[in-house]
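J.: model this:
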Amino acid sequence: MRHRTSSPTIYDIAQEAGVAPSTVSRAFSRPGRVSAATSAHIHEVAERLGYRTAPRTVAPAKGRTGTLALVVPDVTNPGFFATIRGVEAAAAEAGYLVLLAETQESAMLERKLLDRLIPDVDGVVLVSSRLPDRAVRTIASQCPIVVLNRIVAGMRCIVPDTAVGVRGALRHLAGLGHRSVTYIAGPEASWVDGMRWRSVQDLSAEFGLKVSRLGPCPPTMSGGRDITTAVLRQSSSAVLAYSDLIAIGLLRGLRGRGMRVPHDMSVIGFDNVVGSDFCSPPLTTVAAPLRTMGAAAFRELRHLVRSESADSRSVVSVPPQLVVRESTGPCG
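T.: Okay, the predicted model is just below:
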């Protein structure tokens with residue numbers, strides 16, 4: 001039996017996880033060489049034991065660097081474009097440089113990136129983080145952080161008012177005569193997705209709507225297209241999708257099945273991304289002021305970096321607005 005040292009090693013993790021030490025090493029240094037399930041198990045054991053990969057032994061310089069990190073799940077997702085622009089524009093005006101990092105929707109990669117970034121930046125804007133709350137708070141104890149699109153207790157957070165957005169969408173559909181709505185869920189680790197589904201459940205009775213849920217679904221057009229068959233099996237007259245990309249993919253999938261939108265089915269997305277008004281038909285969407293939220297996140301972070309007093313609220317909630325286009329219509 002190996003005796004546990006005060007600082008756990010990869011051998012401790014290997015013993016606890018039931019794998020070879022070389023597998024643990026690959027999970028941290030070359031994650032693509034280990035299966036997703038094994039890698040997730042190893043990282044869960046490592047976090048439980050308090051293991052940290054590649055710790056930095058050199059303390060960060062006492063002076064400020066004038067550099068911030070902006071961490072997003074996917075730089076190719078247009079849902080993040082406006083947020084990135086909002087942070088960058090506000091930071092540039094204040095004389096800060098922004099380093100943009102992508103986590104590829106992976107909590108493991110997100111943690112690894114943050115461990116490397118934190119010693120070299122003044123603060124971090126963490127967008128739609130896939131990390132557990134405990135991990136976010138641990139990171140925040142090392143560096144000023146503002147969380148965007150998620151609430152983590154004790155942290156400075158900027159979020160869209162989910163209930164306001166969902167209520168507007170459901171009211172619109174009920175006003176068109178719809179009585180059944182399918183919600184297409186996004187990534188399983190998305191805090192926003194969980195809040196949207198909860199709001200759909202909580203508010204559906206207010207409008208006399210029967211609701212069902214499909215997913216999780218990749219937040220991509222291909223994800224929306226691939227879930228088309230399952231949507232048609234629901235027999236709902238309307239769909240509320242986690243994101244515009246899913247909704248646009250669904251529009252294409254429905255058209256390929258000979259379905260007419262909105263005559264046969266109404267579709268609503270979230271985010272009002274670039275291109276949501278170019279698709280056919282133009283997409284009705286719940287639009288949060290993403291650029292404004294990005295700028296607000298930078299301002300909150302600058303207050304933290306400078307140890308200045310800021311808005312007394314730990315959570316700043318921004319109301320979204322329904323943008324009605326041609327993908328919604330009267331229930332046939």
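
J.: doesn't residue 83 lie inside a helix?
T.: Yes. Under DSSP: H, G, I helix; E, B strand; the rest coil, residue 83 sits within a helix.

J.: low-confidence stretches in the chain?
T.: Within the chain, the segments meeting pLDDT under 70 span 1-7, 26, 28-34, 36, 52-63, 308-313.

J.: how's it carved up into domains?
T.: Annotated domains of the chain cover 10-49, 67-160+290-318, 162-289 [automatic domain parsing].

J.: between those domains, which one is nearest to residue 326?
T.: Relative to residue 326, the nearest member of these by CB to CB is domain 162-289, separated by 3.7 Å. All C-beta spots, glycine's among them, are computed from the backbone N, C-alpha and C.

J.: right, and the domains of the chain - which one's nearest residue 325?
T.: Per CB to CB, nearest to residue 325 of the domains of the chain: domain 162-289, 3.9 Å.

J.: off-centre distance for that closest one?
T.: 17 Å (CA atoms, centre = their mean, to the nearest Å).

J.: what about the nearest residue to residue 143 once chain neighbours are set aside, neighbour count?
T.: Nearest non-adjacent residue to residue 143, counting by CB to CB, 6 or more residues apart in numbering: residue 118, 4.4 Å away. Counted with other CB atoms under 10 Å, the neighbours of residue 118 add up to 19.

J.: which SS state does residue 118 fall under?
T.: helix.

J.: can you give me the neighbour number for residue 202?
T.: 12.

J.: so how far is residue 170 from it?
T.: Distance of residue 202 to residue 170, computed by CB to CB, to the nearest Å: 10 Å.

J.: could you say which helix or strand holds the residue lying closest to residue 163 once chain neighbours are set aside?
T.: Nearest non-adjacent residue to residue 163, counting by CB to CB, 6+ apart: residue 199, 4.9 Å away. Following DSSP states H and E, one finds residue 199 within helix 191-204.

J.: other SSEs contacting that helix?
T.: Judged by 3 or more CB pairs under 8 Å, 6 or more residues apart in numbering; DSSP states H and E, the packing partners of helix 191-204 are helix 162-175, strand 180-184, strand 210-214.

J.: what does whichever helix or strand comes after the last one contact?
T.: Meaning strand 210-214. Per DSSP H and E, the first helix or strand lying C-terminal to strand 210-214 is helix 221-226. Contacting residues not belonging to helix 221-226 are listed as 184, 217, 241, 245-253, 256 [CB atoms under 8 Å, 6 or more residues apart in numbering].

J.: ok, and for helix 221-226, which residues are buried?
T.: 221, 223, 224, 225, 226 (16 or more other CB atoms under 10 Å).

J.: now swap in stretch 128-141 and tell me
T.: For stretch 128-141, a neighbour-count test (16+ other CB under 10 Å) marks 128, 129, 130, 131, 133, 135, 136, 138, 139, 140 as buried.

J.: equivalent analysis for stretch 35-50, please.
T.: Of the residues in stretch 35-50, 39, 41, 42, 43, 45, 46, 47 count as buried by neighbour count, 16+ other CB under 10 Å.

J.: in helices, which of the residues you listed appear?
T.: Among those, the ones falling in helices (DSSP state H) are 39, 41, 42, 43, 45, 46, 47.

J.: report the distance from the helix or strand harbouring residue 158 to the chain centre.
T.: Using DSSP H and E, residue 158 maps to strand 156-160. Between the centre of strand 156-160 and the centre of its chain there are 12 Å (CA atoms, centre = their mean).

J.: any chance of the buried residues of stretch 35-50 in JSON lines, plus distance to residue 94?
T.: Below are the buried residues of stretch 35-50 laid out as JSON lines (distance: CB to CB, whole Å):
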{"residue": "39", "distance to residue 94": "39"}
{"residue": "41", "distance to residue 94": "43"}
{"residue": "42", "distance to residue 94": "41"}
{"residue": "43", "distance to residue 94": "36"}
{"residue": "45", "distance to residue 94": "42"}
{"residue": "46", "distance to residue 94": "37"}
{"residue": "47", "distance to residue 94": "35"}
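
J.: ranges for the strands of the stretch 1-150 of the chain?
T.: Secondary structure of the stretch 1-150 of the chain, counting by DSSP state E, counting those that start in this stretch: strands at 67-72, 97-102, 123-127, 145-148.

J.: these: which one's closest to residue 109?
T.: Of all the strands of the stretch 1-150 of the chain, it is strand 97-102 that lies closest to residue 109, at 8.5 Å by CB to CB.

J.: centre of the chain to the closest one, how far?
T.: Remark: strand 97-102 is offset 17 Å from the chain centroid, using CA atoms, centre = their mean.

J.: residues of that strand that come out buried?
T.: 98, 101, 102.

J.: now residue 189: closest residue in space, sequence neighbours ignored.
T.: Residue 189's closest residue in space is residue 130 (CB to CB, 6+ apart), at 4.2 Å.

J.: for the one you found, give me its contacts.
T.: So residue 130 contacts 73, 103, 105, 106, 107, 110, 187, 189, 190 (CB under 8 Å, 6+ apart).

J.: quick one: it from residue 284, how far?
T.: Remark: distance between residue 130 and residue 284 (CB to CB) = 28 Å.
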